[in-house]
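can you look at this prediction? I've put the sequence above it.
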Amino acid sequence: MKKYLTYFVLSIFVFSFSFSLANAQEQANKQKGEQVKFQTENQLQEKKENLQQERIQIKNQIQTIRETAQKNLEQLKEKIRAEKNIQKAKLMENRISGREIALERFDKAIQRLEQLKEKVLLITQKLEQETEISEVKNLITEMEIKITEAKAKIAQMSELLSNSINQLSLEEKTKLKTLGQETQALFTQAHQLLKNSIKETKALMPCENDSCIKEENL
């Protein structure tokens, strides 16, 4: 599993770098003029489609790790129910419950980011029929990458927390703390990208009634 996780984390890094490279190339081509843009348009589209496939594969890997971790937690709960020492069983039950609550907080943060992203996408889909929104799309894609990276970190935490019913070692606690801090940093970056995408969207359309997402609500 550890070897699989290592490959998985490397896949996330390569995917993030590939998108940044494709995006940079697209911006460079815009500066060179319409002729170059026309010649490379299909290549860039193909590259982005490949990146989309990679993202789907990474999401599937994350789901597999989380499902395995959940099965492990259920097995640990079975051990707790089989424990005859009531005091010891209660201690182990509280330990598992605390781990589940910690993971749930991260999952809820992901859920909120994705809900806000969907609101922006709903507006941009309507706006796309009238104007160019490539910059907004790029910001949203970058945000999605940050969210995927955060999910990968959470998957690593879930794998770590479901390995044993015993108290975490100092090394495991240190690793868990680092993963938590890295996840929070990714949340911050994703949120900033979301705010930037909203600013770009607002610049492209008038705000009518409740059709605009208010930045103060983020």
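Happy to help now that I have it.

give me the element residue 105 is part of.
helix 86-127 (DSSP states H and E).

quick one: list the elements packing against that helix.
Counting contacts by 3 or more CB pairs under 8 Å, 6 or more residues apart in numbering; DSSP states H and E, helix 86-127 is packed against helix 34-82, helix 134-161, helix 170-204. In this view, the C-beta of every residue, glycine as well, is placed from N, C-alpha and C.

want to throw these into a markdown table with mean neighbour count?
A markdown table is the format used below for these (neighbours: other CB atoms under 10 Å):
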| stretch | mean neighbour count |
| --- | --- |
| helix 34-82 | 14 |
| helix 134-161 | 21 |
| helix 170-204 | 16 |
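
among these, which comes closest to residue 107?
helix 134-161 (7.0 Å; CB to CB).

quick one, the closest one and helix 170-204 angle?
160 degrees (axes from the mean of the first three to the mean of the last three CA atoms, to 10 degrees).

what residues does the most centrally placed residue in the chain make contact with?
Compute the mean C-alpha point of the chain, and by CA atoms, centre = their mean the closest residue is residue 147, 1.9 Å away. By CB atoms under 8 Å, 6 or more residues apart in numbering, the contact set of residue 147 is 110, 113, 114, 117, 186, 190.

relative to residue 56, how far out is it?
Distance from residue 147 to residue 56, counting by CB to CB, to the nearest Å: 14 Å.
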